[in-house]
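>>> I'd like to go over a predicted model; first the sequence, then the structure.
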Amino acid sequence: MSLPYLLQKLEISEDDEFNFLSCLVTKAVDEYHEAGHNQDLELAIACARKLVDITAKDSPEWAEQAANLGAVLIYRYERNGTINDLEEATIVARQAVMATPDDHVDYSSWVSNLGIIYNHRFEFTGSIWDLEHAIGLFRQAIVASSREQPDFAVWANNMAYLLCVLYEKTSSPRDIDEAIHLAQEAVLATSDRDPGYPARTYNLGLAFDLRFQHTGRTQDLLQAILSLRQAVSAGSLSTDTCWLGKLDNLMDQLNSSFPIQFS
């Protein structure tokens, strides 16, 4: 059933159209996340497009509709890998950010979403420019937020990960140092009861390990082991096997660095 037909069938007036579509797109996204049905995603995209079309570009609400359209297009890109969705998501998400003052309550979230989109572009193109642009956007989101903001730890963790990816390509000490700093900030901003705590602690360990692989500093290896131990202790059974394997590997490296001497 097409969206225009649905609106006509339900006799939704122009005055009620915006509120109806806003509720419908939210419901469709929730249903998609819960059940994964493609028709819910297609309905969400159709509603989001219509909301962008019927909202005046100079309206304070236009940026929100553009940001939402970018988000649902990325959901479809992640599902189908269609490059047209990635390109359109880039355009509308960028327009949403450009139309939003940096003191707006949602500014950091929308900038972060654009960073995620550019990371997808990097994964598709392999372009360092896309990777660096994604990092810059996460940096922008962090600067415009505070540590008390609920998503601060998520953004810091994401940026730390991307800096590690960049470091593997550039070997720039500045990149890995900043990655470790941000990963530490992400862990510090996360309660040990938070579901994201094990993964962020694990990522901190990986960042220390990455620096150890390039510098050979034992202190980095010890910090990596400590972080991975914390991650394993706080983690779930579904992740423990992988994490334990990584921890065992680091312990082997530590033992080989300090072999037992027999005389």
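Received it, and whenever you're ready, just let me know what you need. Here the structure is a predicted model, which means the values were calculated and not measured.
>>> where in this protein is pLDDT low?
Within the chain, the set of residues satisfying pLDDT under 70 comprises 1-15, 236-263.
>>> ok, which stretches of it are helices?
Remark: helices assigned in the chain by DSSP state H are 3-9, 14-35, 38-54, 62-80, 83-98, 107-125, 128-143, 152-170, 173-188, 197-215, 218-234, 237-257.
>>> which secondary structure elements does the fourth one contact?
Under the contact criterion of 3 or more CB pairs under 8 Å, 6 or more residues apart in numbering; DSSP states H and E, helix 62-80 touches helix 14-35, helix 38-54, helix 83-98, helix 107-125. Heads up, the C-betas are built off the backbone N, CA and C, glycines and all.
>>> tell me the most buried of these?
helix 107-125 (a mean of 21; mean count of other CB atoms under 10 Å).
>>> Dump that helix to PDB, keeping only the CA atoms.
Extracted as PDB, the C-alpha positions of helix 107-125 are listed here (Å, rounded to 0.1, in the frame of the first residue of the first chain):
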ATOM      1  CA  TYR A 107      23.200  19.400  17.100                       C
ATOM      2  CA  SER A 108      25.800  16.900  18.500                       C
ATOM      3  CA  SER A 109      23.500  14.000  17.700                       C
ATOM      4  CA  TRP A 110      23.000  15.000  14.100                       C
ATOM      5  CA  VAL A 111      26.700  15.800  13.600                       C
ATOM      6  CA  SER A 112      27.500  12.300  15.000                       C
ATOM      7  CA  ASN A 113      25.000  10.700  12.600                       C
ATOM      8  CA  LEU A 114      26.800  12.500   9.700                       C
ATOM      9  CA  GLY A 115      30.100  11.100  11.100                       C
ATOM     10  CA  ILE A 116      28.600   7.600  11.000                       C
ATOM     11  CA  ILE A 117      27.600   8.100   7.400                       C
ATOM     12  CA  TYR A 118      31.100   9.200   6.400                       C
ATOM     13  CA  ASN A 119      32.500   6.100   8.200                       C
ATOM     14  CA  HIS A 120      30.200   4.100   5.900                       C
ATOM     15  CA  ARG A 121      31.500   6.000   3.000                       C
ATOM     16  CA  PHE A 122      35.100   5.200   4.100                       C
ATOM     17  CA  GLU A 123      34.300   1.500   4.400                       C
ATOM     18  CA  PHE A 124      32.800   1.600   0.800                       C
ATOM     19  CA  THR A 125      35.500   3.800  -0.900                       C
END
